[in-house]
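Colleague: Sequence first, then the predicted structure, then my questions.
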Amino acid sequence: MEENIVWHNHRISRAERAEIKNQKPCLIWFTGLSGSGKSTIANALDVALYQRGYHTFLLDGDNVRHGLNKDLGFSDDERVENIRRIGEVSKLFADAGLIVLSAFISPFTSDRRMVRNLFPAGEFIEVFMNTPLEACEERDPKGLYKKARAGEITHFTGIDAPYELPSHPEVTLDTTQYSVDQCVDKLVSYLRDRKLILECSGAG
Ligand code: ADP
């Protein structure tokens, strides 16, 4: 089947789509334990970029599992497929010229590498939410650690399933050391320094 499918080159390139938005396409990939602050920081960055006039799209783990990936469970194979689809969807949004923010635990190095390899060098920004397990568990915003400790959830990352530490993340954030605003400032500076966002207009 696949050999009969021909790739069509678009007349407008991804670079051109991004250029009129004053930005470069990229994927900001938040990884870390549940409760480490991925959704909070991704959302806050999304707002900060939107207010400055940039064009973004936020993909959140739970939301994706309600739609695109609702046929997938939590077996090893299904977790890999979950991340693969998210990577491919992120790539499509980036091809549309957007800055894509993705917040998924993504505990395995191989899965994160698979997504990284979908992107040109410099356009995959791995943000490691290096919040200690104790702090995540104390916050327990969704009550999941409590359930995991009680044995009501099994294969819970950090409790009875592994989290493989990123070896070379582009950005590392510990939310016990930095406030939400400080984390966002660091990320905006990173994007600015690498010319992924070109000039700030509007508020902020
Ligand atoms: P994740 O998406 O990684 O599961 P969440 O963003 O849902 O994590 O939860 C993080 C929790 O920690 C939230 O309740 C948030 O309010 C709290 N929190 C406290 N301080 C910070 C901080 N500096 N950065 C991010 N989250 C923080």
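Modeller: Yep, that arrived. Note that the coordinates shown come from a computational prediction; the quantities given were computed from them, not determined experimentally.
Colleague: Going along the chain, name the helices of this protein.
Modeller: Using DSSP state H, the helices of the chain run over 14-19, 38-51, 61-66, 76-95, 109-116, 133-139, 144-149, 180-193.
Colleague: Check these for me and report the most buried one.
Modeller: Across the helices of the chain, averaging neighbours per residue (mean count of other CB atoms under 10 Å) puts helix 38-51 on top, at a mean of 20. For the C-beta atoms, the positions are set from N, CA and C on the backbone; glycine is no exception.
Colleague: Next one: the closest residue to residue 107 other than its chain neighbours, what pLDDT does it get?
Modeller: Excluding the flanking residues, the one nearest residue 107 by CB to CB, 6 or more residues apart in numbering is residue 163, at 4.4 Å. Note for residue 163: predicted pLDDT of 96.
Colleague: do residue 64 as well
Modeller: Value for residue 64, per-residue pLDDT: 89.
Colleague: Run through who's touching the worst-scoring helix or strand of the chain on mean pLDDT.
Modeller: Using mean pLDDT, DSSP states H and E, helix 61-66 stands out as the lowest-scoring helix or strand of the chain, at a mean of 83. Outside helix 61-66, the residues that touch it by CB atoms under 8 Å, 6 or more residues apart in numbering are 72, 82, 85, 86, 89, 103, 104, 105.
Colleague: Now with 6 Å, please.
Modeller: residue 104 (CB atoms under 6 Å, 6 or more residues apart in numbering).
Colleague: for the record, mean pLDDT for stretch 111-125?
Modeller: Computed over stretch 111-125, the average pLDDT equals 97.
Colleague: and the chain, which residues reach the ligand?
Modeller: 32, 34-41, 103, 129, 139, 141, 175, 178-180, 183 (CB under 6 Å from any ligand atom).
Colleague: Please repeat the previous calculation with a cut-off of 8 Å.
Modeller: Within the chain, the positions adjacent to the ligand are 30, 32-44, 60-61, 103, 105, 129, 131, 136, 139, 141-142, 173, 175-176, 178-180, 182-183 by CB under 8 Å from any ligand atom.
Colleague: residues in contact with residue 173?
Modeller: Going by CB under 6 Å, 6+ apart, residue 173 touches 129, 183.
Colleague: Equivalent analysis for residue 57, please.
Modeller: 93, 98, 100.
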